[in-house]
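> Okay, predicted coordinates and the sequence, questions at the end:
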Amino acid sequence: MSTICGAGNGFALAIPLAMPYFSGVEKDNFNAFLQSTVWMADPLWALGQYMNYRTDIQLLQNGASLKDMLLKYRMAPSEPTYLDRSGAPSQNVGGIAHIYLSGVMTEEGQAGMCSRGRGIVDMIEDLEQLDANSTVEGVLLEINSGGGSAIAAHMLTEAIKQFSKPIVTYGHFVGSAAYMAAAVTDEIVAAGNGAQFGSIGTLIQVSNEALKTLQENYTTLYSTLSTQKNKKVRGLLAGDSGPILEHLDNLAKNFIGEVKGARNISNKEVFEGDMYLAKDSKKFGLIDNIGGKNKAVRILNRHIKLSK
C-alpha cells in the first residue's frame, strides 16, 4: 500500500475556527501555507486535519515520544503494496497494486502538515512505475482525503488519465481535489453508506493583515511592459476582487469540466460545492457502487478482464 499525503474545499474556511488555538508564530506559518496556492478542500475535513496536527505538536511539547504517537510510522514514506486477484495481501510484486491517498494533497510532501509526508509527485512516480511493470494488472486507489492544492489535483488527474491499466477508486471521504482525481478512474466504490463524496469547487484565502502591510509599508514598481503582472493581487490592493474571482471561476469551470467529461452527472447542485453521503452520491452519479473492499476488488477484476 502506497500512502500519499493528499487535499478538500475549505482550508480558508476552517483556519479562522482553529486560530484561537495557535500561537503567533503558528498563525503566521499557517497563513503563509494557506496563501501559497489555490485550494480545493472540504471545510470541516480541513479543520479536523489542522486540529490533529495541533494535537500532535502539543503531545510532542509535553514529552510524548514518536513511538508512543506512532508518528515514525505515520510519517514514513511507503511503497505500493500488492494484492492477489482475490484481494488478499501478496508478497509478490504484481497482480493488483494498492495505493492509499490520505491527508492534505500537496505537490511535494509537507513534513508535519500531513500524516505521512509524501506528496502527489511521489504518487505519480509510483503510477509510472506500475504502468511500466508488466506483472501489475491494475490499481486499487483507496482514498481518504478532503482535497488539497489545485495544482496537485491537476497533476494527479492527468497522471491517472495517462495510466494505461484499470484503476478503481475505493473511497471513504473523497472531497474536492481528491474527487477530481477519483472522477477519472474507471469506477468509484464507496466504502459504505457513511462514505462521503463531492466538494467540487475552488477557493483561496487572503490575509487582510498582509494586504494592509503591503499597502502601508511597500511600494511595488512594475515594468511598463508588464501591465498584467500580479494583476490579481494588485486588484485586491485596490479593493477590486474581480480579477481573482475570475481566476477562481475559471479553475472551478475546469474542475467541473473534468468531472463532467468523466461522469454522467446532470444535477447542477452537485457542482456547487457540497459533500454527499454514499446513497445520494450514487443517486447523483458521483459514484458507481457502495460496498466493501472486496466488492471494489471484484469490480477491478472485471475491468482487468475487459482490458485484455
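Noted; the coordinates are in hand. Residues are numbered from 1 along each chain as shown.

> Please make it C-alpha for all contacts and neighbour counts, starting now.
Fine.

> Quick check: Asn92 vs Glu216, distance?
Distance of Asn92 to Glu216, given as CA to CA, to the nearest Å: 62 Å.

> which residues of the stretch 201-308 of the chain fall in strands?
Using DSSP state E, counting those that start in this stretch, the strands of the stretch 201-308 of the chain run over residues 275-277, 289-290.

> which of those is buried the deepest?
Mean neighbours per residue, mean count of other CA atoms under 10 Å, is largest over the strands of the stretch 201-308 of the chain for strand 289-290, with a mean of 22.

> So which elements touch that one?
Helices and strands touching strand 289-290, by 3 or more CA pairs under 8 Å, 6 or more residues apart in numbering; DSSP states H and E, are strand 187-190, helix 278-284.

> If we use 7 Å, what do you get?
Strand 289-290 sits against strand 187-190, with contacts defined as 3 or more CA pairs under 7 Å, 6 or more residues apart in numbering; DSSP states H and E.

> what about the strand it packs on, distance to the chain center?
A distance of 17 Å separates the centroid of the chain from that of strand 187-190, by CA atoms, centre = their mean, to the nearest Å.

> Repeat that for stretch 216-228.
Centre-to-centre, stretch 216-228 and its host chain are 34 Å apart (CA atoms, centre = their mean).

> Could you export the strands of the stretch 201-308 of the chain as a markdown table, including distance to Ile167?
Conversion of the strands of the stretch 201-308 of the chain to a markdown table gives the following (distance: least, CA to CA, whole Å):
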| stretch | distance to Ile167 |
| --- | --- |
| strand 275-277 | 22 |
| strand 289-290 | 15 |
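
> Put the alpha carbons of stretch 197-209 into PDB.
Below are the C-alpha coordinates for stretch 197-209, written out as PDB (Å, rounded to 0.1, in the frame of the first residue of the first chain):
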ATOM      1  CA  PHE A 197     -18.000  12.400  -1.900                       C
ATOM      2  CA  GLY A 198     -18.100  15.800  -3.600                       C
ATOM      3  CA  SER A 199     -17.000  19.300  -2.500                       C
ATOM      4  CA  ILE A 200     -16.400  20.300  -6.100                       C
ATOM      5  CA  GLY A 201     -15.100  23.900  -6.000                       C
ATOM      6  CA  THR A 202     -12.200  26.200  -5.500                       C
ATOM      7  CA  LEU A 203     -11.100  28.900  -3.100                       C
ATOM      8  CA  ILE A 204      -8.200  31.000  -1.900                       C
ATOM      9  CA  GLN A 205      -7.500  32.700   1.400                       C
ATOM     10  CA  VAL A 206      -6.000  36.100   1.500                       C
ATOM     11  CA  SER A 207      -4.900  37.800   4.800                       C
ATOM     12  CA  ASN A 208      -6.400  41.200   5.200                       C
ATOM     13  CA  GLU A 209      -3.400  41.900   7.500                       C
END
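
> what about it, average pLDDT?
Across stretch 197-209, pLDDT averages out at 83.

> Flag every buried residue along that stretch.
Phe197, Gly198, Ser199, Ile200, Gly201, Thr202, Leu203, Ile204, Gln205, Val206 (16 or more other CA atoms under 10 Å).

> can you check stretch 147-166 too?
So stretch 147-166, judged by 16+ other CA under 10 Å, has buried residues 147-154, 156-157, 159-160, 163-166.
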